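S.K.: turn this into a structure:
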Amino acid sequence: MRRTNARVLAEAAYFMGLGRELRLVATRPRARAMHTALNAFQELVRRRFREKARTLHPDAGGSTEAMQRLVEARDVLLALRVVCKPDGPGARPEVVLSAGEWVELVEKRGS
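M.R.: Take a look at the predicted model:
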């Protein structure tokens, strides 16, 4: 079963404990505010990755599978971009994975 872009993003964010923060980025009404929020979010992803890696890494008593999942979650969240789609009045920017990054992730997952 192929997962949707939103589902993969949600799983990655919740695995890293950043679901609320991702929702806050995605609800910014203007592109510039969304870019700023996304940059701050991605710095938070890097910090959270380092924190969780200290306990999930196999050398620290964690499992290889958990560490691989953490790396995958980090990669998904750091690949986010802000895209503005001019689809008429009231069009809003969106946080998405670019098409190339999405294909890479799907191939990496083996989905």
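
S.K.: low-confidence stretches in this structure?
M.R.: For the chain, the stretches flagged by pLDDT under 70 are 1-5, 83-93, 95-111.

S.K.: list the helices and strands the lengthiest helix in it packs on?
M.R.: Of all segments of type helix in the chain, defined using DSSP state H, the longest is helix 31-56. Here helix 31-56 touches helix 19-26, helix 64-78, strand 80-84, strand 93-97, going by 3 or more Cβ pairs under 8 Å, 6 or more residues apart in numbering; DSSP states H and E. All C-beta atoms are positioned from the backbone trio N, CA, C, and that covers glycine.

S.K.: now for the ones you listed, which one comes closest to residue 11?
M.R.: Residue 11 lies closest, by Cβ to Cβ, to one member of the helices and strands packed on helix 31-56: helix 64-78, at 7.5 Å.

S.K.: residues in contact with the residue nearest to residue 15 when sequence neighbours are not counted?
M.R.: In space, and not counting its chain neighbours, residue 15 is closest to residue 73: 4.7 Å by Cβ to Cβ, 6 or more residues apart in numbering. Residue 73 makes contact with 11, 12, 13, 15, 16, according to Cβ atoms under 8 Å, 6 or more residues apart in numbering.

S.K.: do the same with residue 15
M.R.: By Cβ under 8 Å, 6+ apart, the neighbours of residue 15 are 69, 70, 73.

S.K.: follow-up on the earlier one: what angle sits between the longest helix of the chain and helix 19-26?
M.R.: For helix 31-56 against helix 19-26, the angle by axes from the mean of the first three to the mean of the last three Cα atoms, to 10 degrees is 160 degrees.

S.K.: tell me which residue is most central in this structure.
M.R.: Residue closest to the mean C-alpha point of the chain, counted by Cα atoms, centre = their mean, is residue 77 at 2.0 Å.
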